[in-house]
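K.L.:
quick one: sequence plus predicted model below, questions after.
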Amino acid sequence: MAPMSQQRWYAFLGALFGLVFPIAGVVLLAVESGHGLTADGLRAAFGSKLLLIVCTAPLFLGGFAAFAGHKHDHGMALEAARREALLKTATELFTAAQSLLSTVSSFSSMTAETAASVRETTATMGQLGQTATRTALIRTRNPRNSTATAQLPDAVATS
């Protein structure tokens, strides 16, 4: 069974509360007529034009309560829509944060790889500089020896 809307529930409660006025009016007029709650007393009560107006209380109170219930339903629908929009925004924000974290991790990895590559290149350039210096020193000491690189150690000569 589907839940009752607040509009219908409020209308029901308003009409139920509104029934109190005609019932109380009938009882008071019947007792006041001097016949009590007998058939003559009830006839006298229903003969009152004021009671006929009071008998419309359930209709008006039910209508006003239904209006209040409608406003309540509308407010609840707005709140649900706002909650849904907030949830959607939170989900999008979380997805963007995960994407950003992935990008930063990837960037950090690339930076670490680049730093390692720079260190290797620096070490290689240092070894090359040392080899060039040794070769230049050997050639300046013995300019006729064109096989100066043959006298270098194997590890330096292959660098």
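P.N.:
Arrived safely, thanks for sending. Bear in mind that the values here come from a model prediction, so they are computed numbers and not experimental data.

K.L.:
what about the longest helix seen in the chain, average pLDDT?
P.N.:
Secondary structure of the chain per DSSP state H: the longest helix is helix 57-141. The predicted model assigns helix 57-141 a mean pLDDT of 89.

K.L.:
tell me the contacts of the residue positioned nearest the centre of the chain?
P.N.:
In the chain, the residue lying closest to the centroid (C-alpha atoms, centre = their mean) is residue 87, at 2.3 Å. Listed by C-beta atoms under 8 Å, 6 or more residues apart in numbering, the contact set of residue 87 is empty. To be clear about C-beta, it is placed using only N, CA and C from the backbone, and glycine gets the same treatment.

K.L.:
if I look at it, how far off is residue 93?
P.N.:
Distance, residue 87 to residue 93, using C-beta to C-beta, to the nearest Å: 11 Å.

K.L.:
just residue 101 next, same as before
P.N.:
For residue 101, the distance to residue 93 - C-beta to C-beta - is 13 Å.

K.L.:
ok, residue 142 next?
P.N.:
Distance from residue 142 to residue 93, counting by C-beta to C-beta: 73 Å.

K.L.:
please look at residue 36 and residue 29 and confirm they touch.
P.N.:
No: if you go by C-beta atoms under 8 Å, residue 36 and residue 29 don't touch, sitting 11.3 Å apart.

K.L.:
between those two, tell me which one has more neighbours.
P.N.:
Neighbours were counted for residue 36 and for residue 29 using other C-beta atoms under 10 Å; residue 29 has more, 19 against 12.
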